[in-house]
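1. What would the 3D arrangement of this be:
(one chain, ligands or ions: 2)
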Amino acid sequence: MEQRTIGMWLYTNGGGDKIAKKIIKKLAERDIKTVSGINLRHAIARNSNIVHNGIKLNKELDLFFSYNAGEQTQYQTYIYQALNRVMPMINSYDSFSLTEDKFHTSLVLKNAAIQTPDYKLCHRDDGHELKKIIKKWDKMVYKPTDGWGGLGLTKIENEATLDMLMPFLNQMDLRYFYVEKFIEYDNTDFRIDIVDGEFVSCYGRKANETDWRTNITAGGSVFMREANDEIVAIAKKACEVTGVDIGGVDIIYDREKEEYIVLEVNGIPAFATPEQEKMGLDFNDKKIKLIVDLIDRKSRKRPNKASE
Ligand SMILES: Nc1ncnc2c1ncn2[C@@H]1O[C@H](COP(=O)(O)OP(=O)(O)O)[C@@H](O)[C@H]1O
Ligand SMILES: [Mg+2]
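-> Numbering: from 1, shown residues only. Ligands and ions are numbered 1, 2, ... in the order given. The predicted model follows:
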């Protein structure tokens, strides 16, 4: 087989630079060359080509591996979408953009009979729908559909809180409102990483005493936690139906319904940081191996080059 070349854009903070080096080395052992640091923000499209740093990505690459949540821009994701129309990508743009949206993800998961929090989405002019639903639910969470790190999530404890919040929401010029039923849980979650349908890792996160969100950016902390067959099966199914080759699934345990609930699927779940590795999170090598296998397999199809 002729030498293959893949493009890569992987985050460099939190140990990402070292991970990239390992992936590049393992790919080289299989005679796959890597062009790294391809930030599509700096790409230019001209007629049939999308060019970055003198390289015609669509012609010269066999696959593009995009793994950088922190530096995404609107232009970069727009080019991501375009590039995926003419060459294979991990994750596919479709699955990436699906998991970037919490409402779309919940809709897809619910239709696949995967438990997620009950939710309601309505046009901004139908704010009265929120009044109706809080009567039924008692407590709910207002969520920006494209947020991360627990940012912008607001717990609405009762009708009075909603009445106070509505003027602020109305000022924000939103197109719609998305709210979820508040799940009574123990303020801990499971993060399950899946690559190519295989279980990679499980760890837990715990909210700090003053918060109900488990995100690290909201003051939460990571702890060692064993998976069980049930949550692994749920996480695999969530990745399958959202179409992500690589996914990190957030799961909590609903104390009322006594069942596991998927909160979201993250399309760019971080590798363990050097500090987390010291704690005992030792899944990075397994994850790298599965990603290299995946890239190897998916880069064998060369839709453009085949016709040349
Ligand atoms: N419906 C809910 N009920 C209770 N807690 C929730 C609910 N949704 C989210 N949370 C808490 O908020 C955190 C962030 O929510 P999530 O949907 O994962 O968004 P983000 O992308 O910001 O991480 C979760 O890890 C969980 O601790
Ligand atoms: Mg989350």
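
2. can we go C-alpha only for contacts and neighbour counts from here?
-> Will do.

3. roughly how far apart are the residue most central in space within the chain and D229?
-> When CA atoms, centre = their mean is applied to the chain, the residue found nearest the centroid is N266 (1.9 Å). Distance, N266 to D229, by CA to CA, to the nearest Å: 20 Å.

4. and the spatially closest residue to R4 that is not a sequence neighbour, how many neighbours does it have?
-> Spatial nearest neighbour of R4, chain neighbours left out: I32 (4.9 Å); criterion: CA to CA, 6 or more residues apart in numbering. By other CA atoms under 10 Å, 20 other residues sit near I32.

5. Per-residue pLDDT of I32, please?
-> We have a pLDDT of 98 for I32.

6. In the beta-sheet assignment, what are the partners of the residue nearest to the centre of the chain?
-> Applying DSSP bridges to N266 yields these beta-bridge partners: G248.

7. Now for it: which residues touch it?
-> Counting by CA atoms under 8 Å, 6 or more residues apart in numbering, N266 makes contact with T99, E100, G247, G248, V249, D250.

8. Drop anything exposed from those.
-> T99, E100, G247, G248, V249, D250 (16 or more other CA atoms under 10 Å).

9. Among these, give me the pair with the biggest separation.
-> E100 and D250 (13.6 Å; CA to CA).

10. H104 touches F96, doesn't it?
-> No. Using CA atoms under 8 Å, H104 is not in contact with F96, being 11.5 Å away.

11. Show me which of these two is the more surrounded one.
-> F96 (25 against 15).

12. got a pLDDT number for the more buried one?
-> 97.

13. Look up how far G267 lies from it.
-> Distance from F96 to G267, by CA to CA: 6 Å.

14. Same question for D118.
-> For D118, the distance to G267 - CA to CA - is 22 Å.

15. now D254
-> The gap separating D254 from G267 is 24 Å, by CA to CA.

16. Which one's more surrounded, these two?
-> Shown here are D254 and G267; by other CA under 10 Å, G267 has more neighbours (28 against 17).

17. Quick check: closest non-adjacent residue to that one.
-> That would be G247: by CA to CA, 6+ apart, it lies 4.9 Å from G267.

18. tell me the contacts of that neighbour?
-> D193, I194, V195, C239, V265, N266, G267, I268, P269.

19. Repeat that for I268.
-> Per CA under 8 Å, 6+ apart, neighbours of I268: Y67, N68, A69, I246, G247, G248.

20. How about the backbone phi and psi for the fourth one?
-> Backbone geometry at I246, expressed as degrees, to the nearest 10, gives phi -120, psi 130.

21. Wait, it touches I194, no?
-> Yes. With contact defined as CA under 8 Å, I246 and I194 form a contacting pair (5.9 Å).

22. what touches both of those two?
-> Contacts common to I246 and I194, judged by CA under 8 Å, 6+ apart, are C239.

23. since we're on the residue of the stretch 201-308 of the chain found nearest ligand 1, how many residues are nearby?
-> Nearest to ligand 1, among the residues of the stretch 201-308 of the chain, is R213, at 3.4 Å (CA to the nearest ligand atom). By other CA under 10 Å, the residues close to R213 number 23.
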